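**Student:** Return atomic coordinates for the entry below.
(one chain, ligands or ions: 1)
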Amino acid sequence: MIKTRFAGINFENPFFNASGPHCTTKEELDILGQSKAAAVMTKSCTLEPREGNPSPRYVDITNNSSINSMGLPNLGYKEYMKLIPELTVHNKPIFSSVSGMKIEDNIQMISELSDVKELDAIELNLSCPNVVGKPQVGYDFQQSVEVIQEVQKICKKPLGLKLPPYFDFVHFETMAKIINQSRVNFVTCINSLGNGLVIDIAKEQVVIKPKGGFGGMGGKLVKPFGLSNVRKFRELLKPEIQVIGCGGIFSGIDAFEYILAGAD
Ligand code: DHB
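**Tutor:** Numbering: from 1, shown residues only. Presented below is the predicted three-dimensional model:
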């Protein structure tokens, strides 16, 4: 098995879960801990616990793909602070994803999580597409600069950014420049493709309930964009900034494609 070194830690293999729909509860995190994944990543957390959006909010669609609008259901960061030490029984690195509703929330969560000694790294999510009234931070470059500047002052762990997919070379270059001027240690490419629409023609309805059926697309469908984003950021970022590839990885072939594109 290929090993990798990531965020200053030796990984037994180059695979672990994305922060996504299956890493919210202790039960789910223990399943990941017991799996062959080399690390465990927790669901993006907020200041307060959240129920998330109404169901159905996650649907698997054809071709190993999916649509979701979970709406950030999570236990609240304080609960993850308690849970993280318990996850050390699995003997693998633990990463925590943070997705505050505002800069102050991110500062509070990241400064407190920084003091959890069992935590290995923090991923700041700049790309949740599913909260009504909240734009994806990663598509607002000014807001991205502000949050990165503030968070990097207080983060005492390796710091990563979960990025949305970009589709335009000027946007890649703008974001890469922002990141190259920061102390960010890694980026994760990509989050879901925001605001797709899936329609069930038999029911003449959209398949998920929140936001009129609009949701983040994931799985096989998004792999070419995951690959392009890994490739572009690998070209543009300083060599010491590492890149996690994410999206549509079902087989060794998919993983090899990401590695060829430049994923760590
Ligand atoms: C959710 C979706 C995302 O793509 C993300 O980055 C964070 C949260 C969600 O809907 O829960």
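**Student:** rest of the way, CA atoms for contacts and neighbours
**Tutor:** Will do.
**Student:** ok, now which ones touch the closest residue to the ligand within the stretch 51-200 of the chain?
**Tutor:** Minimum separation of the stretch 51-200 of the chain from the ligand (C-alpha to the nearest ligand atom) falls at residue 72, amounting to 3.1 Å. In this structure, residue 72 makes contact with 44, 45, 46, 50, 51, 52, 53, 130, 131, judged by C-alpha atoms under 8 Å, 6 or more residues apart in numbering.
**Student:** what sits against the third one?
**Tutor:** Meaning residue 46. By C-alpha under 8 Å, 6+ apart, the neighbours of residue 46 are 72, 74, 76, 77, 98, 99, 100, 101, 105, 109.
**Student:** gap between it and residue 25?
**Tutor:** 14 Å (C-alpha to C-alpha, to the nearest Å).
**Student:** contact partners of stretch 185-192?
**Tutor:** Outside stretch 185-192, the residues that touch it by C-alpha under 8 Å, 6+ apart are 7, 127-129, 158-165, 216-218, 222, 225-226, 229-230, 240-247.
**Student:** what subset of the contacts of residue 72 is also close to the ligand?
**Tutor:** Among those, proximity to the ligand is found for 44, 130 (C-alpha under 6 Å from any ligand atom).
**Student:** Out of the contacts of residue 72, who's the most crowded?
**Tutor:** Greatest neighbour count in the contacts of residue 72, by other C-alpha atoms under 10 Å, goes to residue 45: 29 neighbours.
**Student:** bridging residues for that residue?
**Tutor:** Under DSSP bridges, the beta-bridge partners of residue 45 are residue 98.
**Student:** Same question for residue 66.
**Tutor:** residue 60, residue 218.
**Student:** ok, it - contacts?
**Tutor:** Applying C-alpha under 8 Å, 6+ apart, the residues near residue 66 are 58, 59, 60, 217, 218, 219.
**Student:** The residues you listed into TSV, with extra columns for neighbour count?
**Tutor:** Formatted as TSV, the contacts of residue 66 follow (neighbours: other C-alpha atoms under 10 Å):
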residue	neighbour count
58	19
59	17
60	14
217	26
218	25
219	22
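**Student:** Residue 147: neighbour count?
**Tutor:** Count around residue 147 with other C-alpha under 10 Å applied: 18.
**Student:** Please apply the same query to the one 5 residues further on.
**Tutor:** The burial count assigned to residue 152 is 18, neighbours taken as other C-alpha under 10 Å.
**Student:** Reduced to three states, what does it come out as?
**Tutor:** With DSSP: H, G, I helix; E, B strand; the rest coil as the basis, residue 152 sits in helix.
**Student:** How is the residue nearest to it when sequence neighbours are not counted assigned, secondary-structure-wise?
**Tutor:** Closest residue in space to residue 152, ignoring its immediate chain neighbours: residue 183 at 6.5 Å, by C-alpha to C-alpha, 6 or more residues apart in numbering. Following three-state DSSP, the label given to residue 183 is coil.
**Student:** and what of residue 33?
**Tutor:** Residue 33 is classified as helix under three-state DSSP.
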